[in-house]
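Enquirer: got a sequence here, can you build the structure:
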Amino acid sequence: MHPLRHRSGSTLIEQVTVLTVLALLATIAIRGIARLLDATWVHVATRDISDLLALAREQASATGTRTAVRFDVAGSRIVVHSGSDTIARYDLAQHGAVALEASRDSMAYSPSGLGYGAANLRVVLRKGASAETLTVSRLGRVRE
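Expert: Predicted coordinates:
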């Protein structure tokens, strides 16, 4: 066998091996990046919803008007109402398609800024393998 042919065949096998290893590493990296992006979207949505709840509480105290945060689980939307006015909207479908679960359909704040109602609220946000939970006490305090 000619030495050049042997070297060429060996080089082809080495190239295929290197490409296979690179493809495996790229697959692992892409999965890791996807998980990181999912976790980031969930965290951002959690912070935004926490901010909406704080806005509702502040609005109730500032205006002396009962203010409600409504959770539309099917539509993946959160809307803040003060009296008959809508003061904020948040659409999870436009912010990374994070799934929304809530133990109640709304959280209301009385004019004193305290929660209005008899039960705690739990909001779970999910995307892929990432999930975060917000808990709102009967008094209206938010815990992440």
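
Enquirer: quick check: mean pLDDT of the helix or strand hosting Ala60?
Expert: Here Ala60 sits within helix 3-63, counting by DSSP states H and E. Computed over helix 3-63, the mean pLDDT rounds to 85.

Enquirer: which elements pack onto the next helix or strand after it?
Expert: Later in the chain than helix 3-63, the nearest helix or strand by DSSP H and E is strand 67-72. Counting contacts by 3 or more C-beta pairs under 8 Å, 6 or more residues apart in numbering; DSSP states H and E, strand 67-72 packs against helix 3-63, strand 77-82, strand 106-109. For every residue, glycine as well, the C-beta is placed using N, CA and C.

Enquirer: SS state for the residue lying closest to Gly115 once chain neighbours are set aside?
Expert: Excluding the flanking residues, the one nearest Gly115 by C-beta to C-beta, 6 or more residues apart in numbering is Gly140, at 3.4 Å. Three-state call for Gly140 (DSSP: H, G, I helix; E, B strand; the rest coil): coil.

Enquirer: so who does Gly140 touch?
Expert: Leu53, Arg57, Met107, Tyr109, Gly113, Leu114, Gly115 (C-beta atoms under 8 Å, 6 or more residues apart in numbering).

Enquirer: can you tell me which of those residues is nearest Ile33?
Expert: The nearest member of those to Ile33, counting by C-beta to C-beta, is Leu53 at 30.7 Å.

Enquirer: chain center to stretch 44-61, what's the gap?
Expert: 15 Å (C-alpha atoms, centre = their mean, to the nearest Å).

Enquirer: I should have written stretch 125-142 there, sorry.
Expert: In this view, stretch 125-142 has its centroid 10 Å away from the chain centroid, taken as C-alpha atoms, centre = their mean.

Enquirer: could you tell me the end-to-end distance of it?
Expert: Taking C-alpha to C-alpha, to the nearest Å, stretch 125-142 runs 15 Å from one end to the other.

Enquirer: can you mark which positions in that stretch are buried?
Expert: Using 16 or more other C-beta atoms under 10 Å as the test for burial, stretch 125-142 gives Leu125, Arg126, Lys127, Ser130, Ala131, Glu132, Leu134, Val136, Gly140, Val142.
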